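Peer 1: with the input below, show me the fold.
(2 chains)
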Amino acid sequence: MSEQKQLLIIDDDPDFVEGIKSILVKASYKVDVAYNPKDGWAALEGKKYDLLLLDVMMGRGAEGIMIARKLGKDAKFRELPVLIITSIREQMAFLFPGGAVHPNFVNVDELVEKPVEPKLLLDKVSTLIKTAEAKKKK
Amino acid sequence: MQETKILIIDDEEVVLDSCKLVLEPAGFKIATAGNGTVGLGMVREFDPDLIFVDLKMPGISGFDVLERLRAMDPNRVAIVITGYATVSSAVDAMKRGAYDFLPKPFTPDELRLITNRGLEKHRLVQEAVALRREKEMLRENFAAIVSHELKSPLSALQQFLFALAADLDEKMSEEQKARLERMKGRLDDLLKLIHTWLRVFSVDVNKIKEQFQPVVISTIIARAIENVLPHATRKNIELSSTVGESLPIVSGDAVSLIEVVGNILNNAVKYSQPETTVRLTAEAASDGVVISVVDAGVGIAKEDLPFIFGDFYRGKGAAQMESGCGLGLAISRRIVEAHGGSVSVESEPGKGSKFTIRLPAKT
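Peer 2: Below is the predicted model of the structure:
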């Protein structure tokens, strides 16, 4: 077993978080959670993560999107792989009229819909981490 | 209850007085105006439920009053009072928005009758306006309501079940596992249903146009068949496909097109008797690709054919045979039309149906 990867979940639905967290913990990831964008950003600033799982629709607005945008603009975070979690794939199209459903906020990201099957979740997480690591080595 | 207000615009005082005399005892609040300009000036403030307008007045005519009324608010109900009750002037007035006309002289009964008719019309118009507004609001808010209030809790539930299933995998008996699977299955159906509703009512399918890419039809068909195969196998129905070589490339959204072909195939399987075959053919046409799906199922009655691509239509046999919400074909039609194509159907009850999807080639 290689060193444990450190993940951060930013999502305002504690129940959903509990559900995915347990799957990730069982797969030997270390998981931190932030339940709002503010705490999420503070966590990102305070610690180095291997991957971020980000709910794009938090609260009434698209506050998650703001985080994704900030990450893309920040050289420090641009290489952090992000798994974007959305309750509706088309929601992305609402948020960005004319934009692609998968907008590629940062260098390595993927989009999944809630709820996410354990296998799919684990596949995406490990693929994203590997892709990001491979990019870094280049 | 709010009182019912009626405005009467007429230059003859005797008409105004007699109207008041008849209508006030019936509980209506009456306002009167001696000419069109004064009358129009009162409309906004008094906000009448019904307006009587004399056609022939000094100053601006009844016709002009009608036109300005309509410009102010097309939902106002106006009835013209006319001394020259010729058919042509009445028709003229109605063309300009009057709901009905009252010929002078009139009896109290005639006035009461036409007043009630006008008020009934007013009520219907108000109801229609309210319904339209409600529909718009619903449409606008649907995405937000559905995604947050309905889908989020279900997603959380499902996520818990996924986690539970993983946690307890070794501890559960086969029976318990099966129960958990059924719970997941039911939740999954519910989530899919919500998703479908959302797509039908709230998502502008035309948005997919913005992401069109060159699409290989044979790949679409292979993926769709893969999705439907478990359903077909369960019902012991054979899926056969004949895909022509060198089909033209289509400009489209692969995920949506897989959904369309999948929907049509799934329907064919759904309405087929066991041990029959569903045949899919794809061939090049002069202007694109034609995909047809033929089943030997229950078929569709002729009188139902015009409605099957509408929202919530369900085949008569569906209730007994399979579940569904009747939105699959509606969505499919929208998606195909967003691609500049068409979908059509031929069917004979008892013999089966043939669905044809036409997609234009990429230019």
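Peer 1: could you pull out the buried residues of stretch B:177-184?
Peer 2: If you call a residue buried by 16 or more other Cβ atoms under 10 Å in any protein chain shown, then stretch B:177-184 has these buried ones: B:180, B:184. For every residue, glycine as well, the C-beta is placed using N, CA and C.
Peer 1: what about whichever residue of chain B sits closest to chain A, which helix or strand?
Peer 2: Going by Cβ to the nearest Cβ, chain A is nearest to residue B:159 of chain B, at 2.8 Å. According to DSSP states H and E, residue B:159 maps onto helix B:152-167.
Peer 1: list of residues touching that helix?
Peer 2: With contact meaning Cβ atoms under 8 Å, 6 or more residues apart in numbering or on different chains, helix B:152-167 is reached by A:13, A:15-16, A:18-20, A:22-23, A:26, A:87, A:114-118, B:177, B:180-181, B:183-184, B:187-188, B:190-191, B:194.
Peer 1: hey, C-alpha coordinates of it in PDB?
Peer 2: The C-alpha coordinates for helix B:152-167 follow below in PDB (Å, rounded to 0.1, in the frame of the first residue of the first chain):
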ATOM      1  CA  SER B 152     -30.900  16.100  -3.000                       C
ATOM      2  CA  PRO B 153     -32.500  14.000  -0.200                       C
ATOM      3  CA  LEU B 154     -33.000  11.100  -2.500                       C
ATOM      4  CA  SER B 155     -29.400  11.300  -3.600                       C
ATOM      5  CA  ALA B 156     -28.200  11.400   0.000                       C
ATOM      6  CA  LEU B 157     -30.400   8.300   0.700                       C
ATOM      7  CA  GLN B 158     -29.100   6.500  -2.200                       C
ATOM      8  CA  GLN B 159     -25.500   7.400  -1.300                       C
ATOM      9  CA  PHE B 160     -26.100   6.000   2.200                       C
ATOM     10  CA  LEU B 161     -27.400   2.800   0.700                       C
ATOM     11  CA  PHE B 162     -24.400   2.500  -1.500                       C
ATOM     12  CA  ALA B 163     -22.200   2.900   1.500                       C
ATOM     13  CA  LEU B 164     -24.200   0.500   3.600                       C
ATOM     14  CA  ALA B 165     -24.100  -2.100   0.900                       C
ATOM     15  CA  ALA B 166     -20.300  -1.800   0.800                       C
ATOM     16  CA  ASP B 167     -19.900  -1.800   4.600                       C
END
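Peer 1: against chain B, how distant is the spatially most central residue of chain A?
Peer 2: When Cα atoms, centre = their mean is applied to chain A, the residue found nearest the centroid is residue A:53 (2.2 Å). Remark: distance between residue A:53 and chain B (Cβ to the nearest Cβ, to the nearest Å) = 12 Å.
Peer 1: ok, residue A:14 next?
Peer 2: For residue A:14, the distance to chain B - Cβ to the nearest Cβ - is 8 Å.
Peer 1: and that residue, what is it in contact with?
Peer 2: Counting by Cβ under 8 Å, 6+ apart, residue A:14 touches residue A:35.
Peer 1: excluding covalently adjacent residues, which one is nearest to residue 26?
Peer 2: Let's take chain A. residue B:166 (6.0 Å; Cβ to Cβ, 6 or more residues apart in numbering or on different chains).
Peer 1: oops, I was thinking of chain B
Peer 2: residue B:112 (6.8 Å).
Peer 1: what about the longest helix in the chain?
Peer 2: By default, I'm working from chain A. Longest helix of chain A, by residue count under DSSP state H: helix A:118-137.
Peer 1: chain B is the one I meant
Peer 2: helix B:108-144.
Peer 1: related to what we said a few turns ago, the helix holding residue B:159 vs helix A:118-137, what angle?
Peer 2: 90 degrees (axes from the mean of the first three to the mean of the last three Cα atoms, to 10 degrees).
Peer 1: the helix or strand where residue B:193 lies versus helix B:108-144: what angle between them?
Peer 2: Following DSSP H and E, the helix or strand that holds residue B:193 is helix B:174-201. Angle, helix B:174-201 to helix B:108-144, by the same axes, to 10 degrees: 130 degrees.
Peer 1: next helix or strand past the lowest-mean-pLDDT helix or strand in chain B?
Peer 2: Least confident element among the helices and strands of chain B, by mean pLDDT, DSSP states H and E: helix B:318-321 (a mean of 49). Next helix or strand after helix B:318-321 toward the C-terminus (DSSP H and E): helix B:328-338.
Peer 1: re earlier: how about the helix holding residue B:159: buried residues?
Peer 2: Within helix B:152-167, the residues that count as buried by 16+ other Cβ under 10 Å are B:152, B:154-165.
Peer 1: equivalent analysis for stretch B:64-75, please.
Peer 2: So stretch B:64-75, judged by 16+ other Cβ under 10 Å, has buried residues B:64-66, B:68-69.
Peer 1: what's that stretch in contact with?
Peer 2: By Cβ under 8 Å, 6+ apart, stretch B:64-75 touches B:9, B:36, B:39-40, B:43-44, B:51, B:53, B:60, B:76, B:78, B:80, B:93, B:96-98, B:125-126, B:129.
Peer 1: between the helix holding residue B:193 and helix B:328-338, how many degrees?
Peer 2: Using the same axes, to 10 degrees: helix B:174-201 against helix B:328-338 is 50 degrees.
Peer 1: give me the neighbour count for the residue in chain A positioned nearest to chain B.
Peer 2: Nearest to chain B in chain A, going by Cβ to the nearest Cβ, is residue A:19, at a distance of 2.8 Å. Neighbour count of residue A:19, defined by other Cβ atoms under 10 Å in any protein chain shown: 25.
Peer 1: same thing with the one 3 residues further on?
Peer 2: The criterion is other Cβ under 10 Å. On that basis, residue A:22 has 19 neighbouring residues.
Peer 1: thinking again about what came up before, can I get the buried residues of helix B:152-167 in TSV with pLDDT and distance to residue B:303?
Peer 2: Shown next, in TSV, are the buried residues of helix B:152-167 (pLDDT from 0 to 100; distance: Cβ to Cβ, whole Å):
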residue	pLDDT	distance to residue B:303
B:152	81	42
B:154	90	37
B:155	89	41
B:156	90	45
B:157	91	42
B:158	92	40
B:159	91	45
B:160	92	47
B:161	92	43
B:162	91	45
B:163	90	50
B:164	90	49
B:165	89	47
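Peer 1: if we can go back for a sec, list the ones among the contacts of stretch B:64-75 that fall in strands.
Peer 2: The strands, defined by DSSP state E, take in B:9, B:51, B:53, B:78, B:80 from the contacts of stretch B:64-75.
Peer 1: wouldn't the fourth one be in contact with residue B:54 here?
Peer 2: This means residue B:78. No: the pair residue B:78 / residue B:54 is not scored as a contact, 11.2 Å apart, by Cβ atoms under 8 Å.
Peer 1: and stretch B:251-260, how far out from the chain middle?
Peer 2: Averaged C-alpha coordinates place stretch B:251-260 at 23 Å from its chain's average position (Cα atoms, centre = their mean, to the nearest Å).
Peer 1: what residues does it touch?
Peer 2: B:205, B:208, B:211-215, B:219-220, B:223-224, B:227, B:250, B:331-332, B:335-336, B:338-339, B:343, B:357, B:359, B:362-363.
Peer 1: contacting residues around residue B:5?
Peer 2: Residue B:5 makes contact with B:28-31, B:46-50 under the criterion Cβ under 8 Å, 6+ apart.
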